[in-house]
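1. predicted model and sequence below, questions to follow.
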Amino acid sequence: MGFAAQFILFLEDSCWRSSLAQYALSNSQISLTSHSGLTRLDRAKEKAKNHEHISRNDFPEGFIFGTGTSAYQVEGAAAEDGRSISVWDDITLRTPGMIADGSNGNVACDVYHRYKDDIRLMKQMGFDSYRFSISWSRVLPGKTFAGINKKGIDYYNDVINTVIANGMIPFVTLFHWDLPNCLQLEYGGMLSDQIVNDFVQFAELCFQEFGDRVKFWTTFNEPWSYVVYGYTRGDDFIEDDSTGNNSTVVQYSSQRARMRLPPNKLSRRRFDSTTQTNRDTWFPVKDPAKDAYTAARNMLLCHSTAVQSYRQKFEIYQNGKIGIVLNSNCHYAFENTSQNNLAAETAFDFMLGWFLEPVLFGQFPPSMLRFAADNIVPFSDEEMRGLAGSVDWTDSSWLWIVPNGLYGHLEYLQDRYKKRMPPLYITENGVADNNDVKLTAKQACVDTTRVQYHQKHLTYLLLAIENLKLDVRGYFVWSYCDNFEWTAGYQSRFGIIYTDYVNNLTRYMKNSAFWFTKFLKPSLPTSPTSDKK
């Protein structure tokens, strides 16, 4: 097509070297030739200098500051109190080589037993909200007919009650990638439309048990990451035609597989798409080109059907709001030409628009329907009616080390969707360090890069709110504590709280935690250098 697009910053891993992070933070403008958006970002950068000292007092009244975790990454207690295995338990225990350090979430940060102390620490730092996810397999170990796990329900009831007792707001995510393994084995998980009914039953159980206290729900966390890293296929897969049937079977290189999520490819079981049975040590490939689109479509139908159920059965009594957490890069044209501008817009469509436009308008972006016509199935009129307007709020998750990229990303949302955008929350914003085993806990807690990261991103977020008049209502630090970082295992540390993995999982506040403690006190302005010494 002759298109050329340039990402602000695109890194394959979520764990970046300190030198690169420092460079990106100190040079928070990426130089691109003939870049049509540079002047706007340059102006924003100049204005950012006037906000060097900021505090929560600078943000709109009622603005929520929170921090977050997800169930599999922090809870541990993998085999306690009736919980069944998820796809992550399956892959980490059966094929530990898929995880960079061979680890798993069996114990993780032991939040299952330590949540009361963790929540109290969040409150002591001044946070308004705790965002966490519910482990589907902890409350429904099998399908619904197999019974509800009361101990799982009791656990999350107490987590929610503890959050509220500490004067904070629970933001609850229903699905943060830990699909019950029984559903994956039975029908292929998100590749089957059977998932819609099972997800809605799970969602309704959560609404019924927790909805009297939970006023902010998220159906899915970053579905783009789940389907792209879980279902896309390419040159990394070697066809094996030894089975004697028509289904395509692939073998994965362990090096490349580590970059993938487990819902489909990392399982070494073979799933026969014709007989719907599991066989031997291979997993099925139903259609290498279509699976990510199929999974995404089913996830969106799960979302819309659950939202319809909430609005029809629960909203009038519970008065809660439902959203979806979406992640995206910020894409800019390499040159200010019609082809390059179209390329940048198409890149947005195939990442953010893939999920945002259906929940706003009911259909995939026109560019996706055009360029992926052979692989994507448009929504029917009935499905469109259920999808359109199926969010009360949405998220602009951001994990790149490019502060003004966040501004550009929000500016794109404002320009593209204008008044159709619901209120926004930044539900994930954070940066990772390598787990340097040569450092003591005290040394590792000196996380100057993370302090600068949040200070600069909050500055550009404030500029976006002021200049673009965006209805942004919250900012969540990712993450509360160092945890199991998916295929990176414990080699990547995202937390503002240090988790000592070799000394009883003891928690220590990093400099970034002390910075936020000061930032969240309205009368105390902060600066990038206000670390605890």
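-> Alright, I've got the coordinates.

2. what does stretch 108-122 rub up against?
-> Contacts with stretch 108-122, where a contact means C-beta atoms under 8 Å, 6 or more residues apart in numbering, come from 67, 69, 72-77, 80, 130, 155, 158-159, 162-163, 166, 168, 480-484, 497, 499, 505, 507, 509. Using the backbone N, CA and C atoms, a C-beta is placed for each residue, glycine as well.

3. mind running it again at 6 Å?
-> 67, 74-77, 130, 159, 162-163, 166, 481, 483-484, 499, 505 (C-beta atoms under 6 Å, 6 or more residues apart in numbering).

4. ok, stretch 371-384 next?
-> Against stretch 371-384 from outside (C-beta under 6 Å, 6+ apart): Ala289, Lys290, Tyr293, Gly362, Gln363, Met368, Leu369.

5. buried residues in it?
-> Across stretch 371-384, burial judged by 16 or more other C-beta atoms under 10 Å covers Ala372, Ile376, Phe379, Glu383.

6. pull out the buried members of the contacts of stretch 108-122.
-> Members of these classed as buried by 16+ other C-beta under 10 Å are 67, 74-77, 130, 159, 162-163, 166, 481, 483-484, 499, 505.

7. and which of those is nearest to Gly97?
-> Phe484 (16.0 Å; C-beta to C-beta).

8. from what I can see that closest one touches Gln73, true?
-> Yes. If you go by C-beta atoms under 6 Å, Phe484 and Gln73 touch, sitting 4.8 Å apart.

9. run through the helices of the stretch 101-250 of the chain in chain order.
-> Taking DSSP state H, counting those that start in this stretch to define them, one finds helices in the stretch 101-250 of the chain at 111-125, 136-139, 150-165, 181-187, 194-210, 223-231.

10. in the first one, what's buried?
-> When burial is assessed from 16+ other C-beta under 10 Å, helix 111-125 yields the following buried residues: Val111, Tyr112, Arg114, Tyr115, Asp118, Ile119, Leu121, Met122, Lys123, Met125.

11. pLDDT below threshold where in the stretch 401-533 of the chain?
-> 401, 523-533 (pLDDT under 70).

12. which residues in it form helices?
-> 403-417, 441-444, 448-468, 511-519.

13. residue ranges with poor pLDDT in the stretch 251-400 of the chain?
-> Looking along the stretch 251-400 of the chain with the criterion set at pLDDT under 70, you get 251-288, 397-400.

14. for it, which segments are assigned as strands?
-> Assigned by DSSP state E, counting those that start in this stretch, the strands in the stretch 251-400 of the chain fall at 270-272, 277-279, 284-285, 321-325, 331-333, 393-395.

15. what do you get for the stretch 1-150 of the chain?
-> Going by DSSP E, counting those that start in this stretch, the stretch 1-150 of the chain shows strands at 5-7, 64-68, 129-133.

16. and those: which comes nearest Tyr475?
-> strand 64-68 (5.7 Å).

17. strand partners of that closest one, parallel vs antiparallel please.
-> strand 129-133 (parallel), strand 472-478 (parallel) (DSSP bridges).

18. tell me the most buried of the ones you listed?
-> strand 129-133 (a mean of 26; mean count of other C-beta atoms under 10 Å).

19. quick one: average pLDDT of that strand?
-> Average pLDDT, strand 129-133: 99.

20. got the CA coordinates for that strand in PDB?
-> Taking Å, rounded to 0.1, in the frame of the first residue of the first chain, the C-alpha atoms of strand 129-133 are listed here in PDB:
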ATOM      1  CA  SER A 129      -9.000   3.900  45.100                       C
ATOM      2  CA  TYR A 130      -7.800   0.400  44.700                       C
ATOM      3  CA  ARG A 131      -8.200  -1.300  41.300                       C
ATOM      4  CA  PHE A 132      -8.100  -5.100  41.500                       C
ATOM      5  CA  SER A 133      -9.500  -8.000  39.500                       C
END
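
21. shift numbering so it begins at 525
-> In the new numbering, first residue 525, that becomes strand 653-657.

22. please consider this matter closed, and thank you.
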